[in-house]
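Trainee: Have a look; sequence and predicted model below, questions after that.
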Amino acid sequence: MSKPLMILIAGPFRSGTGDDPALLARNLARLEEVAWPIFRSGHVPMIGEWVALPVLRGAGGKTVADPIAKEVMYPTADRLLHHCDAVLRLPGESAGADQDVAIALSRGLDVYHRVEDIPGYRAA
């Protein structure tokens, strides 16, 4: 491998939560579970919410249900995908993650569906 890949981790965040903070935190934790295996395999994990949530707060948003969130959440993932080399699509219904995959494919990026499929994967 010549250089580490930046891999966007895409999966459910808001889906099925009713915007309940505890359920949102649970979904973010699920996304973060694969950050270490990606890093351990020599790559840079990225989750859109790591960038979007502070931006949302800076824009005056208090929750992902605030109207300003529409101007931040999906656009952040789109912008990140200009810098990412691949997407890891985790299981679960998610319009946002599906949109991330569609953008990645339109830009010729690889899309993985299992962390074990990323180049250089190292088991624990």
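Mentor: The structure has been received and is ready for your questions. Numbering: from 1, shown residues only.

Trainee: Please make it C-alpha for all contacts and neighbour counts, starting now.
Mentor: Noted.

Trainee: Output the contacting helices and strands for the host helix or strand of residue 103.
Mentor: Secondary structure assignment for residue 103, by DSSP states H and E: helix 95-106. Judged by 3 or more Cα pairs under 8 Å, 6 or more residues apart in numbering; DSSP states H and E, the packing partners of helix 95-106 are strand 6-10, helix 73-80, strand 86-89, strand 110-112.

Trainee: Could you give the separation of stretch 59-76 from the chain centroid?
Mentor: 16 Å (Cα atoms, centre = their mean, to the nearest Å).

Trainee: now swap in stretch 110-117 and tell me
Mentor: Using Cα atoms, centre = their mean, the offset of stretch 110-117 from its chain centre is 13 Å.

Trainee: For the protein, give me the ranges with low pLDDT.
Mentor: 1 (pLDDT under 70).

Trainee: change it to 50
Mentor: Scanning the chain for pLDDT under 50 picks out no residues.

Trainee: Rebuild the helices and strands packed on helix 95-106 as CSV, extending it with distance to residue 24 and mean neighbour count.
Mentor: CSV is the format used below for the helices and strands packed on helix 95-106 (distance: least, Cα to Cα, whole Å; neighbours: other Cα atoms under 10 Å):
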stretch, distance to residue 24, mean neighbour count
strand 6-10, 14, 25
helix 73-80, 14, 18
strand 86-89, 18, 25
strand 110-112, 23, 18
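
Trainee: Which one, of the ones you listed, ends up nearest to residue 50?
Mentor: Closest to residue 50 of the helices and strands packed on helix 95-106 is helix 73-80 (Cα to Cα; 9.9 Å).
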